[in-house]
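Novice: pasting a predicted model and its sequence here:
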Amino acid sequence: MNIGLIAHDAKKKLMQNYCIAYRGILSKNELYATGTTGRLIEEVANLNVHKYLAGHLGGEQQLAAQIEHNEIDLVIFLRDPLSAKSHEPDVDKVVRLCDTYNIPLATNLATAELLIKALDRGDLEWREMYR
C-alpha cells in the first residue's frame with residue numbers, strides 16, 4: 001500500500017514517535033511524505049520515504065496530485081488545528097480529495113493508530129480494487 005505522511009510543525013515529533021512505534025508495519029509499505037517530515041522520519045525510524053517538497057513549498061500539492069491519480073491508499077495527516085497556516089488551501093485540498101476518492105485519512109493520533117492496525121490486519125485490502 002502507498003501511505004502518505006504529513007505533519008504540521010507542532011506535530012512532527014509526534015509523527016516521528018508514531019513511525020518508530022509502527023515501524024514494522026510501515027516498513028512493509030511504500031511511504032510518501034512532505035520533505036521535512038520525510039527527512040525526520042528517515043532519521044529516527046530508519047524507514048525509506050519518498051520525499052516531496054516541504055509542505056509550504058508545494059509538497060502538499062504534490063501529494064494531492066498523487067491522490068487525484070489514485071496512487072495513495074492511506075493518508076496520515078497529523079494536523080495542528082490551533083495554528084493558522086499560510087498554505088491552508090493546500091491542507092484543505094488534501095482532506096477534500098481524500099473524501100472525494102475514498103482514501104482513508106487520519107488527522108489525529110487516535111485515528112492514525114486505528115488505521116495502521118487495520119492495515120496490519122488486512123482490513124484495507126479493498127483499496128486494491130480501486131487501482
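Specialist: The structure has been received and is ready for your questions.
Novice: when you work out contacts or count neighbours from here on, use the C-alpha atoms and nothing else.
Specialist: Will do.
Novice: which other helices and strands contact the one helix or strand Y32 maps to?
Specialist: Using DSSP states H and E, Y32 falls within strand 30-33. With contacts taken as 3 or more Cα pairs under 8 Å, 6 or more residues apart in numbering; DSSP states H and E, strand 30-33 sits against strand 2-7, strand 49-51, helix 59-68.
Novice: pick the most buried one from those.
Specialist: Burial of those is given as mean neighbour count (mean count of other Cα atoms under 10 Å); strand 2-7 ranks first at a mean of 23.
Novice: so V75: helix, strand or coil?
Specialist: Under DSSP: H, G, I helix; E, B strand; the rest coil, V75 falls in the strand class.
Novice: for it, what are its contacts?
Specialist: Contacts for V75 (Cα atoms under 8 Å, 6 or more residues apart in numbering) come out as 3-6, 98, 103-106.
Novice: want to try CSV for those residues, with distance to A65 and pLDDT as columns?
Specialist: As requested, the contacts of V75 are exported to CSV (distance: Cα to Cα, whole Å; pLDDT from 0 to 100):
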residue, distance to A65, pLDDT
I3, 14, 98
G4, 12, 97
L5, 14, 96
I6, 14, 93
C98, 11, 94
I103, 13, 95
P104, 16, 96
L105, 16, 97
A106, 18, 97
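Novice: alright, calling it a day.
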